[in-house]
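Asker: Below are the sequence and a predicted model for it; my questions follow.
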Amino acid sequence: MSVVAEVRAQLEELREREAADGTPDLRTSVMTHVVWAPPRWADAARRTLAGLEERHPSRTILLLPEPRRRDCIETTVSMKCFTKPGLSHEVCSEVIELRLCGKRAHAPASIVLPLLISDLPTFCRWRGEPPWGEPELEQLVGVCDRLVVDSSEWRGLPAAYAELAELFDRIAVSDVAWGRGREWRGRLAALWPGIATIDELAVTGPRADALLLAGWLRSRLRRPVALAHRSARELSRVAVDGEAVETPLGWPPSPSDLLSDELDLFARDPIYEAAVRAAHEA
Amino acid sequence: MSSAENPLAEGLRLRRTPDACAFVVFGASGDLTQRKLFPALYALALRRLLPERFGVVGVARTEQTTKQWIAAMEKAVKQHARDDFDREVWGRIAEGMHYVATDFADDEGQDAVVACLNRLDEERGTSGNRLYYLAVPPAAFETIVNELGERRAREGWTRLIVEKPFGHDRDSAHALNETLRRHFAEEEVFRIDHYLGKETVQNMLALRFANGIFEPIWNRQFIDHVQITVAESLGIEGRAGFYEKAGAVRDIFQNHLLQLVALTAMEPPIDFTADSVRNEKVKVLRSIHTPSPKSIVRGQYGRGYVEAEEVPGYREEEGVAPDSQTETFVAAKLFVDNWRWADTPFYVRAGKRMPKRETTIAIQFQRAPHPPFAEIAGDGLRPNVLLIHVQPDEGVALAIGAKVPGQGMSIRTVHMDFLYGGAFRTGLPEAYERLILDAMLGDATLFTRADEVDEQWALVDSIVAAWRRDRPTFPNYEAGSWGPRAADDLMHRDGRSWRRH
């Protein structure tokens, strides 16, 4: 039996088992959610997904590449079912975990394509820095509608932004690091028109977040803005020409909240794309 | 701040957050405040949707201190909010709460409210912006409106949310509107009908106007009829004083039911702004002609069983006259006389002590003109129905005929379901959350305008006028049933029947 046929059979069996009490559960999906998670990111990916499934019922295809192992594909199929007060049925999402070993890790699209849900958007969350120009990235960019990254997981900044910008005409891109800065951007926008002549932006937080904030200001204000960056796990302080900006309320959001927000977006974001280009060019 | 002026504002997907303001509740110790308003404020605070500079002033006759009122509201939030209680979130609301015990007609008391609001402006920066919520019996409206009008803040905006019932007939609604007009512009008045705050009611607009497949067939050529049911399993829950005067026609039909008819029948608005949407709804309400007495059924429940529990008849409820003629059920066949809907009946019904709580809009399409399978259909080939569940199990279902697997050609009706809880598991906001937030933002799209209310009452007045001429034999339906037999006859005469539930 092929891997895809095996996955389908397992899904069928799970659905029958869930329906065994006589009340068929609802299998509702708003998208196919592909997650590319190399081994070091696998646990973090599962944790984020756990906080997400309830909000975006979907078929999740979790791809765990292990190119150094012997060729194989290991499949684990499960249903995540949730109850909701007032709803007589459980609502179920499907999670297909595929461990792609050896050469199989280099042809992910061929297994993802037959498992996509027709007519619904496909989001690809890429954990860690994508291998720019490599077939696995190229293939998934070809089959997905939106690529979701978190550039704070990357080591090659800001040069990697140039690589990312190369993808903009091929796939809509979201960046969790950009989402994290949203409320801060609101605070900075509120400083208009005083902020129009800013010379320096000081940011305490992940490097990606700082680079993107500075890139955004450069691209929107069309002027050079120097960046003074102090590294921290969370985006905790922003100052304009030495003056601290008021911290947004309710900060910081959870990783699941951030990814959830990105999964609500469908179109290209020209403001983000310009910020990425300006973050790299500085 | 437009993006044309501020390049940093472009593309910002910030949450809609209202201006700094003070929220003033008249009827601050009442049931609505405890069950709905404070749980809604709490939900908004939890989601960071309230302004940062915010305060709440409660006004009621009940003698109590601010501290006691805050404690009572905290208890109400713990009991009725849809989210778990978070002390930090509640603390943010509570630190800006003040209570003023006064009679609404007492000038000194109203001056105390103004003084309290001015203090809030200074202490919490609420900038003179006021959102008043009249959670009070209708008899108190005029007094409060006049008091508020005479004490308007010089700076900032003033908005007024008015609870239903908005009048008890066309004349009283007209008088109330005149009172409001003396002190407030129409865009400052937010007449609340909480049904319009429900996600599924708004989804009706999305379903119709965001999907190309429905609008071309949303007319008399393809739709056989429309059925709207607003059923409650509860009785009057101690509200005899109100209900005896109102009855089902004023409690549900005049507002919720007619709003659902309007949303179902309206033409596409040019945009989703308050006036565009409401203009189209008013056109529908104007197009509904007065139903003949034969097209109206009223009923009153007698003793019966609901969910296996014996419940008293309406006339046995506390505070109800033993010979009460108040209707607890109303059904009607309405016609929207316009190009789209001519001769297409809208069957509507609303009642108390029905077998279950359910609000649905069922769009029944014409039968397939010549189904070749009719003779071998399993349970009869039924027409397609688009069913909109407003509550509970919010969602949409489409009934279609499908082949039963196996030999032969047996057709069964199956439902394709979209359940809100299944597709968008963000938790549906309570109607009051959406409506209070919209009022703070100045968006009146989901509130009823004066001319809508006027048209609704015009229809109700004409119905009620005919009722005055006869005395029905009440009770005429058992609690726990779907209403009087005459309601079924209303449909059967046309060769139709109410949906099976």
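Answerer: That came in fine, so what should we check first? These numbers come from a predicted model, not from an experiment.
Asker: May I ask which helix or strand of chain B has the lowest mean pLDDT?
Answerer: Lowest on mean pLDDT, DSSP states H and E among the helices and strands of chain B sits helix B:420-423, with a mean of 61.
Asker: What's the first helix or strand after that helix?
Answerer: helix B:431-441 (DSSP states H and E).
Asker: ok now the next helix or strand after that following helix, how far from the chain's centre?
Answerer: Downstream of helix B:431-441, the next assigned helix or strand under DSSP H and E is helix B:450-467. Helix B:450-467 sits 17 Å away from the centroid of its parent chain (Cα atoms, centre = their mean, to the nearest Å).
Asker: in helix B:450-467, what counts as buried?
Answerer: B:450-460, B:463-464, B:467 (16 or more other Cβ atoms under 10 Å in any protein chain shown). Any C-beta I mention is one placed from the backbone N, CA and C, and that applies to glycine too.
Asker: Next secondary structure after it?
Answerer: Next along the chain after helix B:450-467, taking DSSP H and E as the criterion, comes strand B:477-478.
Asker: neighbouring strands for that next one, and are they parallel or not?
Answerer: Strand B:477-478 has the following strand partners under DSSP bridges: strand B:301-302 (parallel).
Asker: contacting residues around the partner strand?
Answerer: Strand B:301-302 is contacted from outside by B:235, B:313-315, B:328-329, B:351-353, B:475-479, using Cβ atoms under 8 Å, 6 or more residues apart in numbering or on different chains.
Asker: residues in contact with residue B:415?
Answerer: B:387, B:397, B:398, B:399.
Asker: And it, how close does it get to residue A:155?
Answerer: The gap separating residue B:415 from residue A:155 is 52 Å, by Cβ to Cβ, to the nearest Å.
Asker: All the helices of chain A, residue numbers only.
Answerer: Under the criterion DSSP state H, chain A carries helices at the ranges A:3-18, A:39-50, A:108-112, A:135-143, A:159-165, A:176-180, A:182-189, A:207-221, A:255-262, A:270-281.
Asker: wait, which of the ones you listed is closest to residue B:31?
Answerer: Smallest distance to residue B:31 across the helices of chain A (Cβ to Cβ): 34.5 Å, for helix A:255-262.
Asker: what's the average pLDDT for the closest one?
Answerer: For helix A:255-262, mean pLDDT is 73.
Asker: the inter-axis angle of it versus helix A:39-50?
Answerer: 80 degrees (axes from the mean of the first three to the mean of the last three Cα atoms, to 10 degrees).
Asker: So which elements touch helix A:255-262?
Answerer: helix A:39-50, helix A:176-180 (3 or more Cβ pairs under 8 Å, 6 or more residues apart in numbering or on different chains; DSSP states H and E).
Asker: How far off centre is the longest one?
Answerer: Relative to its chain's centre, helix A:39-50 lies at 12 Å (Cα atoms, centre = their mean).
Asker: before we move on, back to that, show me which of the contacts of residue B:415 are buried.
Answerer: B:387, B:397, B:399.
Asker: got the residues of the stretch 101-250 of chain A near chain B?
Answerer: A:182-183, A:185-186, A:188-190, A:192-193, A:195, A:216-217, A:220-222, A:249-250 (Cβ under 8 Å from any Cβ of the partner chain).
Asker: so where's chain A uncertain?
Answerer: A:1, A:18-28, A:50-55, A:82-91, A:250-252, A:282 (pLDDT under 70).
Asker: what about the closest residue to residue B:50 other than its chain neighbours, which helix or strand?
Answerer: Of all residues not flanking residue B:50 in the chain, residue B:44 sits nearest, at 4.9 Å (Cβ to Cβ, 6 or more residues apart in numbering or on different chains). Residue B:44 belongs to helix B:38-46 when assigned by DSSP H and E.
Asker: Same question for residue B:246.
Answerer: helix B:240-248.
Asker: ditto for residue B:408
Answerer: Using DSSP H and E, residue B:408 sits in no helix or strand.
Asker: What distance do you get for it to chain A?
Answerer: 24 Å (Cβ to the nearest Cβ, to the nearest Å).
Asker: Report how many residues lie close to that residue.
Answerer: 9 (other Cβ atoms under 10 Å in any protein chain shown).
Asker: Same check on residue B:494?
Answerer: Count around residue B:494 with other Cβ under 10 Å applied: 13.
Asker: Could you do residue B:6 as well?
Answerer: Neighbours around residue B:6, by other Cβ under 10 Å: 18.
Asker: and if you look at residue B:181?
Answerer: 12.
Asker: Got phi/psi on it?
Answerer: phi -60, psi -30 (degrees, to the nearest 10).
Asker: which sections of chain B are below the confidence cut-off?
Answerer: B:1-4, B:13-15, B:373-381, B:407, B:419-428, B:500-501.
Asker: And the residue nearest the centre of it?
Answerer: Against the mean C-alpha coordinate of chain B, by Cα atoms, centre = their mean, the closest residue is residue B:195 at 2.1 Å.
Asker: For that one, which non-adjacent residue is spatially closest?
Answerer: Residue B:195 sits nearest to residue B:256 (Cβ to Cβ, 6+ apart), 4.5 Å away.
Asker: Roughly how far does that neighbour sit from residue B:454?
Answerer: 17 Å.
Asker: cool, residue B:301 as well?
Answerer: For residue B:301, the distance to residue B:454 - Cβ to Cβ - is 31 Å.
Asker: buried subset of the residues of the stretch 101-250 of chain A next to chain B?
Answerer: A:182-183, A:185-186, A:188-190, A:192, A:195, A:216-217, A:220-221.
Asker: what's the closest of those residues to residue A:235?
Answerer: residue A:183 (9.5 Å).
Asker: Test my guess that that closest one contacts residue A:246.
Answerer: No. Between residue A:183 and residue A:246 there is no contact under Cβ atoms under 8 Å: 10.5 Å.
Asker: what's the farthest-apart pair in the buried ones among the residues of the stretch 101-250 of chain A next to chain B?
Answerer: Across those, the longest distance by Cβ to Cβ is 19.2 Å; it joins A:183 and A:221.
Asker: Pull out the CA atoms of stretch A:141-156 and give them to me as CSV.
Answerer: Extracted as CSV, the C-alpha positions of stretch A:141-156 are listed here (Å, rounded to 0.1, in the frame of the first residue of the first chain):
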residue,chain,number,x,y,z
VAL,A,141,6.8,27.1,-2.2
GLY,A,142,5.3,25.7,-5.4
VAL,A,143,2.4,24.0,-3.8
CYS,A,144,1.5,26.3,-0.9
ASP,A,145,-0.3,29.6,-1.0
ARG,A,146,1.4,31.2,1.9
LEU,A,147,4.8,30.7,3.6
VAL,A,148,4.9,31.5,7.3
VAL,A,149,8.3,31.9,8.8
ASP,A,150,9.7,33.4,12.0
SER,A,151,12.9,35.2,11.1
SER,A,152,13.9,35.3,14.7
GLU,A,153,14.6,31.6,14.3
TRP,A,154,17.3,32.4,11.7
ARG,A,155,21.0,32.8,12.1
GLY,A,156,21.9,34.5,8.9
